[in-house]
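Engineer: show me the folded form of this:
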Amino acid sequence: MTTIPAPRTAEPEPGQRTSRRSLGVMLLLTVLGAVLVLTAVSRVWAEGTAGGLAVEVTGSAVSGLPGGLALVGLASAVAVFAVRGAGKAVVGALVALAGAGAAVAAVLGATDPAALNGEAAKKLALVSAQAEQVSHTAWPWVAALGGLLLALAGLLTVRYGRGWPALGSRYEAPARKAAPKAKRGGTPAELWQALDRGEDPTS
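Structural biologist: Residues are numbered from 1 along each chain as shown. This next block holds a predicted model:
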């Protein structure tokens, strides 16, 4: 009795495995980086006192750049699937710049007392009011880490993006097909069919 060997499933080539792995890493870094930045900017970055009153400011009050650039990087990473070829490298560069910008803005805002002094001036209704006993939290550095992860995701896109899949043709707008024209001098049946299609059989 002869046994029929089971059909062998085609295994992906090494290049395809590397492409899929790099794509998965890029998506993970993008989501993780954006979540870290957006979470950090909603938390308290600096706190102190002014005239015996407690004052504090969140990351978004210190600087709107980290959160805005994180959203830009996240949207750009999604756009990778809508472009082909060199377009992926351009999108990757945009993600890298957005992530680097978010990291730099977070580091600069980590010790910036301007927003806290502004909050103290509001509470005391004094333009010259200054916050005292100022302390800074670790959230700016969490935002900086998230920005670096976004930048790394962008660099991965620049390096490996050309081998990643794009949206298939089924997602593109279908080409409009022109209706067949009736032949001049056709049979009466063809002329009636042309009239049914809204065509002028005499043209």
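Engineer: do I have it right that residue 143 meets residue 59?
Structural biologist: Yes - at 6.1 Å, residue 143 and residue 59 qualify as touching, with contact defined as C-beta atoms under 8 Å. Any C-beta I mention is one placed from the backbone N, CA and C, and that applies to glycine too.
Engineer: more neighbours: which of those two?
Structural biologist: The neighbour comparison of residue 143 against residue 59 (other C-beta atoms under 10 Å) goes to residue 143, with 33 against 29.
Engineer: quick one: secondary structure of the more buried one?
Structural biologist: Following DSSP: H, G, I helix; E, B strand; the rest coil, residue 143 is assigned to helix.
Engineer: tell me how far it lies from residue 87.
Structural biologist: Taking C-beta to C-beta, to the nearest Å as the measure, residue 143 falls 29 Å from residue 87.
Engineer: got it, and residue 120?
Structural biologist: 48 Å.
Engineer: and the two? which has more neighbours close in?
Structural biologist: Neighbour comparison, residue 120 and residue 87: the larger count goes to residue 120, with 24 against 15 (by other C-beta under 10 Å).
Engineer: if I look at the closest residue to that one other than its chain neighbours, how far off is residue 30?
Structural biologist: Nearest residue to residue 120 in three dimensions, chain neighbours excluded: residue 50, at 3.4 Å (C-beta to C-beta, 6 or more residues apart in numbering). Counting by C-beta to C-beta, the gap from residue 50 to residue 30 is 39 Å.
Engineer: so between the two, which is more surrounded?
Structural biologist: When residue 50 and residue 30 are compared for neighbours, residue 30 comes out ahead with 26 against 22, by other C-beta under 10 Å.
Engineer: test my guess that the more buried one contacts residue 151.
Structural biologist: No - with contacts counted by C-beta under 8 Å, residue 30 stays clear of residue 151, the gap being 10.5 Å.
Engineer: which residues do the two both contact?
Structural biologist: Overlap of the contact sets of residue 30 and residue 151 (by C-beta atoms under 8 Å, 6 or more residues apart in numbering) consists of residue 95.
Engineer: what about residue 56, is that helix, strand or coil?
Structural biologist: Criterion first, three-state DSSP; result for residue 56: strand.
Engineer: that one: neighbour count?
Structural biologist: Using other C-beta under 10 Å as the criterion, the residues surrounding residue 56 number 17.
Engineer: tally of neighbours for the nearest residue to it once chain neighbours are set aside?
Structural biologist: The shortest distance from residue 56 to any residue other than its chain neighbours is 3.9 Å, reached at residue 47 (C-beta to C-beta, 6+ apart). If you count neighbours by other C-beta under 10 Å, residue 47 ends up with 17.
Engineer: distance of residue 47 from residue 154?
Structural biologist: Residue 47 sits at a distance of 33 Å from residue 154 (criterion: C-beta to C-beta).
Engineer: with residue 22 instead?
Structural biologist: Applying C-beta to C-beta, the value for residue 22 to residue 154 is 13 Å.
Engineer: of those two, who's got more company?
Structural biologist: Comparing residue 22 with residue 154 by other C-beta under 10 Å, the one with more neighbours is residue 154, at 30 against 17.
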